[in-house]
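S.K.: no sequence on hand, only this structure:
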């Protein structure tokens, strides 16, 4: 977040490189066939929580859905989702301040109810603060859901070449 949206302002000049989220990179690798996945390893219903900074501030809306459409067999949207999604309640530094725990959990109630209504068994997200807050919300509100980072779902679905062999990229232009 700081590097992508604040770094150039702090330094006073443009970076000589493009800063991207790991979500954007994973989506690109899937689109280009640079990684191969097997969605059948994920048979539980999965939903996605859009992190406020990545989605509303950063415009990363379609990429996580593209990834999930490739790595799970049963994806369901939260309602509302994308830029209209509810905050999990863990942002603004509150997650790191124990004195705000009760307020944070109360603020997350709407998110907990949204997750419960989805019928999902797994909640994916791509923000470490959201991951911790959603895990705590699941315990506090007895949601019974697993909370996973989006990259965990991709890693679990990776199809790797047998030891000693390289998997060819679908275009045949290199190895992964």
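M.R.: All right, it came through fine. From a predicted model like this one, the values you see are computed outputs, not experimental measurements. Numbers count the residues shown, from 1 in each chain.
S.K.: CA only for contacts and neighbour counts going forward, please
M.R.: Will do.
S.K.: where does the protein have low pLDDT?
M.R.: Within the chain, the stretches with pLDDT under 70 are 1, 164-176.
S.K.: repeat the analysis, applying 90 as the threshold.
M.R.: Of all residues in the chain, those with pLDDT under 90 make up the ranges 1-15, 17-19, 52-59, 90-100, 161-176.
S.K.: all strands for it, in order.
M.R.: Using DSSP state E, the strands found in the chain span residues 46-48, 122-125, 146-149.
S.K.: name the helices or strands packed onto the first one?
M.R.: Strand 46-48 makes packing contacts with strand 122-125 when contacts are defined by 3 or more C-alpha pairs under 8 Å, 6 or more residues apart in numbering; DSSP states H and E.
S.K.: sheet-wise, list the partners of the strand it packs on with their directions.
M.R.: Taking DSSP bridges as the criterion, strand 122-125 pairs within the sheet with strand 46-48 (parallel), strand 146-149 (parallel).
S.K.: just those strands: most buried one?
M.R.: With neighbours defined by mean count of other C-alpha atoms under 10 Å, none of the strands paired with strand 122-125 is more surrounded on average than strand 46-48, at a mean of 25.
S.K.: how about the contacts made by residue 73?
M.R.: Residues touching residue 73, when contacts are defined by C-alpha atoms under 8 Å, 6 or more residues apart in numbering, comprise 39-40, 42-45.
S.K.: residue 60: how many residues sit nearby?
M.R.: When neighbours are counted by other C-alpha atoms under 10 Å, residue 60 registers 20.
S.K.: before we move on, what about residue 84?
M.R.: Residue crowding around residue 84 was assessed by other C-alpha under 10 Å; the count is 12.
S.K.: measure it to residue 129 for me?
M.R.: 19 Å (C-alpha to C-alpha, to the nearest Å).
S.K.: swap in residue 59?
M.R.: Applying C-alpha to C-alpha to residue 59 and residue 129 gives a distance of 18 Å.
S.K.: between the two, which is the more surrounded one?
M.R.: Shown here are residue 59 and residue 129; by other C-alpha under 10 Å, residue 129 has more neighbours (20 against 13).
S.K.: in the biggest helix by length in the chain, what's buried?
M.R.: When every helix of the chain is counted residue by residue (DSSP state H), the longest turns out to be helix 128-140. Neighbour-count burial for helix 128-140, with 16 or more other C-alpha atoms under 10 Å as criterion, is recorded at 129-138.
S.K.: out of the residues you listed, which is nearest to residue 157?
M.R.: residue 131 (19.6 Å; C-alpha to C-alpha).
S.K.: quick one, what contacts the closest one?
M.R.: Taking C-alpha under 8 Å, 6+ apart as the definition, contacts of residue 131 comprise 125, 147-149.
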